[in-house]
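In: Got a predicted structure here, sequence first:
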Amino acid sequence: MPMQTKFRERLRALYASAPRDEYFDAVRAAISDYYLEDPSNPYRQSGRSSGAGRWIETRGCIAQAVHRDGDFLDVGCANGLLLECLIAWTAARGIAIRPHGIDFVPQLVELARQRLAPYCGSFEVANAFYWTPSRRFDFVRTNLEYVQRGDWPEFLARQYSAVADGGRLIVCHYRNQDDAPVEVASILRRLGFAVVGQAQAPGTSVVWCERGD
């Protein structure tokens, strides 16, 4: 069984049955083992092992949610590769974003600080489910699979609290080809979020909501 498949199977089993804090502890350990196994592979350190082409295919669509300059918080920033790419992808459209990130694996946060050294003070070690932001951001990107399904409402409310007025919460979901699709937009609408856009790529769903307070 390929290493990435083993990793995903391990997380899938935890997702289904573990108590919340046991789930977080086990996921932190699994991510540390998998992401940090190959120091030479920045894609692996950000959750993908299939190289630049697949990375661009599955992550490039996130840039569609960014419509203006602003502060961009990546929740679960890993080694900072996504933020580095988003800076370039949005700059190609004349948009400037300032990167910020949190992750609950300290070694990954240190890699993000090294990768984006001019912004090293904008990265923090934190579990996003319990984290209380000290400020708001124009864009907050997160993933549904960071928490178990029953925690989606509370988790998304916490992420939304970090979004500035007029800003956007960007919710992603990544899945294997054999996983059932998750209707992210429908979930967000049921929870009362104002969905204003969405994008798709193979194995990736991206939906963004606007805060109109």
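Out: Received it, and whenever you're ready, just let me know what you need.
In: State the distance from the residue nearest the centre of the chain to P39.
Out: The centroid of the chain falls nearest to T142 when counting by CA atoms, centre = their mean (3.9 Å). Applying CB to CB, to the nearest Å, the value for T142 to P39 is 26 Å. C-beta coordinates here come from the backbone N, C-alpha and C atoms, glycine included.
In: repeat for D103
Out: Taking CB to CB, one finds D103 at 17 Å from P39.
In: the more surrounded of these two?
Out: A side-by-side neighbour count of D103 and P39, using other CB atoms under 10 Å, places D103 first with 27 against 9.
In: This structure: helices as residue ranges?
Out: Along the chain, counting by DSSP state H, helices occupy 3-17, 20-35, 51-59, 81-91, 106-115, 152-160, 184-190.
In: Put the alpha carbons of the longest strand belonging to the chain into CSV.
Out: If you go by DSSP state E, the chain has its longest strand at strand 163-174. The C-alpha coordinates for strand 163-174 follow below in CSV (Å, rounded to 0.1, in the frame of the first residue of the first chain):
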residue,chain,number,x,y,z
VAL,A,163,-12.8,37.0,9.6
ALA,A,164,-12.9,40.8,9.3
ASP,A,165,-16.0,42.7,8.2
GLY,A,166,-16.3,42.3,4.4
GLY,A,167,-13.8,39.5,4.5
ARG,A,168,-14.1,35.9,3.4
LEU,A,169,-14.0,32.5,5.1
ILE,A,170,-12.6,30.0,2.6
VAL,A,171,-13.5,26.4,3.4
CYS,A,172,-11.7,23.6,1.6
HIS,A,173,-12.3,19.8,1.6
TYR,A,174,-9.7,17.4,0.2
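In: That strand versus helix 51-59: what angle between them?
Out: 120 degrees (axes from the mean of the first three to the mean of the last three CA atoms, to 10 degrees).
In: which residues touch strand 163-174?
Out: If you take CB atoms under 8 Å, 6 or more residues apart in numbering as the criterion, strand 163-174 is touched by 47, 58, 62, 65-67, 70-71, 136-145, 156, 159-160, 182, 184, 188, 193, 196, 203-213.
In: Noted, bye for now.
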